[in-house]
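> sharing a sequence plus its predicted fold:
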Amino acid sequence: MANHHRSWRNLVLLLIGLVVVVAVEGGTIGMNWGRKTSHRLLPSMVADIMLQNNIRYLKIFSTEVKAMAAFAGTNISVTLTLPTSNIPFIIIPAVARYLLNDHIRRFNNMGVNIRCLHLGTDIMKNVTMYEKAVDSMRVLNSMIIANELEFLQTSIVHSLEAMNPIAKPSEADFNPLFKDKILKFLSIVKGTKNSTFAISFLPIDFMLANNLPLEFAFMDNKSNFSIKDNGHVYTNAFELVYDSFVSALTKSGAPNLEIVVSQIGWPTDGHPMATVENAERFYRGFLPYIKSNKGTPLRPGASIEIYIINLADENTGSVADGKFYSRHWGIYKSNGQSKFKIDLSGEGRDIYPTVARGTVSMPKRWCIFNGDKSNLTKVEEQFNLACAIGDCTPLYPGGSCSNLNFDQNVSYAFNNFFQMSSQYNSEGLSCNFDGLGMVVADDPSVGNCDFLVEILGADLRDVGGLAMAAGSRAYMRFTSMLVVLGVAWFSLL
């Protein structure tokens, strides 16, 4: 009898322990790894960063074999984002089948834990492209079933363009331009196993677009600003926007569809609000909130899955929309050095993340302006040339280098071009600038303005719609298949 009671007691303790484990796990914190960088970290270094910081969920914007192979055997759950240029072709069943068998199945056989496919980036900027993405997703889902890959989820990331202007969650609904297409999307995922609705929310964009006080962006809102709605009080932008999507989904017949926050973060340069201090504060409040399973007023206790944007800065990312901070989402600099304190476990510890190991810096030398102002027109031309190729976004108003004097301003542009050119080009002129540049061994950094020395970049750039190395067998097979189908390969590039 004593043994019987002891067995029951042990079982109860075990169950309590399991409940405690589940409670501690909390929401999911994942990471985006964008690769628009002149000298990017090796995939093996990124895998090491993920493991050292105990990040088990990754969203990657590539299907390049070398990039994927680094995550084999790590048990990191991977979400692949397919290029927008692929979308018109995936609607062809043969292309969708090829993608699944030659990429997804191949990667899984390598030991890469692929969990989800996202179709395209910035899809919501174009109604026609979003509709094509929905149609392509229908074909892809049918091919997933036909090829017995039901473990694989598919989704499309919905930005705030999908919504009417957000004021209160109770009033929220989808943008009429997109609504019928979104309803079609919802009809596709309705019967799909583990289906989700992916959203992108960048708080700084929301603050600027709606002229809201900066404090409302942070979970530790220190102002008196809040938004009241049907008995709920919203003291931060995240809960407001999340519940607005919940409300819109409810009105569209999908009240319980899980929302995955595919992109969220805070930039550190290129705008007065984009600072290291604000980024550190944002994550210090937001990540523990996610791990707490607090949920939102409309979904209390919800376990929310989020993906930080971004692992590292992307110095070749587009700034055509005038958002210069778009190159500075990283929690790491492009050389793998951490920028601020952030506890990626969500426990709120006052720590820096583990830095990239094994990086090799280029020689400690910088390219600066030699001070020759005899022809200012030439100086301006060379400055513009450097900034057209290099990353000069920290020089813009509010940026970390916006207070430099004339010579330092030109030097920053020259050095950035010099570093992004690997301190060399075939003519040996990467620091010439028509006789205005010179190489120095003393660091010209000024205060918080860092004149970066780049790392040696060793992996290949992604090429082609499916990000295969040109000349590879996979590239040749795919090219041949498109030719057979009568599809022009150049339109994928």
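Happy to help now that I have it.
> CA only for contacts and neighbour counts going forward, please
Fine.
> what's the mean pLDDT across stretch 245-261?
Average pLDDT, stretch 245-261: 97.
> could you list the residues in contact with it?
163, 169-174, 183, 186, 190, 195-201, 298, 304-307 (Cα atoms under 8 Å, 6 or more residues apart in numbering).
> so among the residues you listed, which ones count as buried?
Buried residues within the contacts of stretch 245-261, counting neighbours by 16 or more other Cα atoms under 10 Å: 163, 169-170, 172-174, 186, 195-201, 298, 304-307.
> would you mind giving the secondary structure of residue 268?
coil (DSSP: H, G, I helix; E, B strand; the rest coil).
> the strands in this protein, which residues?
Assigned by DSSP state E, the strands in the chain fall at 28-33, 57-60, 77-82, 113-119, 153-155, 157-158, 196-200, 227-229, 232-234, 258-264, 305-308, 366-369, 437-440.
> adjacent strands (with direction) for the fifth one?
The strands that strand 153-155 pairs with in its sheet are strand 113-119 (parallel) (by DSSP bridges).
> the strand it pairs with to strand 258-264, inter-axis angle?
Angle between the axes of strand 113-119 and strand 258-264 is 80 degrees (criterion: axes from the mean of the first three to the mean of the last three Cα atoms, to 10 degrees).
> would you mind writing the CA trace of strand 113-119 as CSV?
Output in CSV follows, covering the C-alpha atoms of strand 113-119 (Å, rounded to 0.1, in the frame of the first residue of the first chain):
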residue,chain,number,x,y,z
ASN,A,113,14.4,20.9,-39.7
ILE,A,114,12.3,22.9,-42.2
ARG,A,115,9.0,23.8,-40.7
CYS,A,116,7.4,26.5,-42.8
LEU,A,117,7.5,28.3,-46.2
HIS,A,118,6.7,31.9,-46.5
LEU,A,119,5.9,33.2,-50.0
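> show me what contacts residue 346?
Counting by Cα under 8 Å, 6+ apart, residue 346 touches 29, 287-291.
> now do 7 Å
Counting by Cα atoms under 7 Å, 6 or more residues apart in numbering, residue 346 touches 287-288, 291.
> inside helices: which ones of those residues?
287-288, 291 (DSSP state H).
> okay if I get the contacts of residue 346 as CSV plus distance to residue 72, neighbour count and pLDDT?
As requested, the contacts of residue 346 are arranged in CSV below (distance: Cα to Cα, whole Å; neighbours: other Cα atoms under 10 Å; pLDDT from 0 to 100):
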residue, distance to residue 72, neighbour count, pLDDT
287, 27, 23, 98
288, 29, 22, 98
291, 27, 23, 97
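> out of those residues, who's nearest residue 145?
Within those, proximity to residue 145 (Cα to Cα) peaks at residue 291, which comes in at 33.5 Å.
> and that closest one, how far is that from residue 233?
21 Å (Cα to Cα, to the nearest Å).
> where do the helices sit along the stretch 201-350 of the chain?
For the stretch 201-350 of the chain, the helices defined by DSSP state H, counting those that start in this stretch cover 203-210, 237-251, 276-291.
> OK, contacts around residue 67?
Neighbour list for residue 67: residue 43 [criterion: Cα under 7 Å, 6+ apart].
> and the gap between residue 401 and residue 412?
Going from residue 401 to residue 412 by Cα to Cα gives 8 Å.
> ok, the two, which is more surrounded?
residue 412 (31 against 25; other Cα atoms under 10 Å).
> just give the nearest non-adjacent residue to the more buried one, would you?
Distance criterion Cα to Cα, 6 or more residues apart in numbering; nearest residue to residue 412, sequence neighbours excluded, is residue 451 at 6.6 Å.
> related to what we said a few turns ago, quick check, nearest of the ones in helices among the contacts of residue 346 to residue 330?
Distance to residue 330, by Cα to Cα, is smallest for residue 287 among the ones in helices among the contacts of residue 346, at 15.6 Å.
> ok, that closest one to residue 30 distance?
Separation of residue 287 from residue 30 (Cα to Cα) stands at 11 Å.
> check residue 229 too.
31 Å.
> which one's more surrounded, those two?
More neighbours surround residue 30 than the other of residue 229 and residue 30, with 27 against 14 (other Cα under 10 Å).
> excluding chain neighbours, what is closest to residue 88?
Here the residue nearest residue 88, using Cα to Cα, 6+ apart, is residue 132, at 6.5 Å.
> what's the answer for residue 144, then?
Of all residues not flanking residue 144 in the chain, residue 150 sits nearest, at 6.0 Å (Cα to Cα, 6+ apart).
> likewise for residue 455?
residue 361 is the one closest to residue 455 (Cα to Cα, 6+ apart), at 4.2 Å.
> quick check, pLDDT for that neighbour.
With respect to pLDDT, residue 361 scores 88.
> now do the contacts for it.
Contact analysis of residue 361 by Cα under 7 Å, 6+ apart lists 453-456.
> identify the farthest-apart pair in these.
Largest separation among the contacts of residue 361 by Cα to Cα: 453 and 456, giving 9.7 Å.
> more neighbours, the two?
Remark: of residue 453 and residue 456, residue 453 carries more neighbours, 22 against 19, as counted by other Cα under 10 Å.
> mind checking how far that one is from residue 323?
According to Cα to Cα, residue 453 stands 24 Å off from residue 323.
> same check, this time on residue 423
Residue 423 is 28 Å from residue 323, by Cα to Cα.
> so which of these two has more stuff around it?
residue 423 (22 against 13).
> point out where the stretch 1-150 of the chain drops to low pLDDT.
1-25 (pLDDT under 70).
> all helices for it, in order.
All helices of the stretch 1-150 of the chain, identified by DSSP H, counting those that start in this stretch, fall at 2-25, 43-52, 65-69, 87-90, 93-98, 105-109, 127-146.
> which non-adjacent residue is nearest residue 335?
Leaving out its chain neighbours, the residue that sits closest to residue 335 by Cα to Cα, 6+ apart is residue 455, at 5.6 Å.
> distance of the one you found from residue 357?
Distance of residue 455 to residue 357, computed by Cα to Cα: 12 Å.
> so between those two, which is more surrounded?
residue 455 (21 against 14).
> who touches both of residue 453 and residue 456?
Counting by Cα under 7 Å, 6+ apart, the residues touching both residue 453 and residue 456 are 361-362.
> and residue 112, what are its phi and psi?
Residue 112 has phi and psi values of phi -90, psi 130 when expressed as degrees, to the nearest 10.
> what's the nearest residue to it if we skip its chain neighbours?
Closest residue in space to residue 112, ignoring its immediate chain neighbours: residue 72 at 4.3 Å, by Cα to Cα, 6+ apart.
> sorry, back to before: so the residue nearest to residue 412 touches residue 445, yeah?
Yes. Residue 451 is within contact range of residue 445, at 4.9 Å (criterion: Cα atoms under 7 Å).
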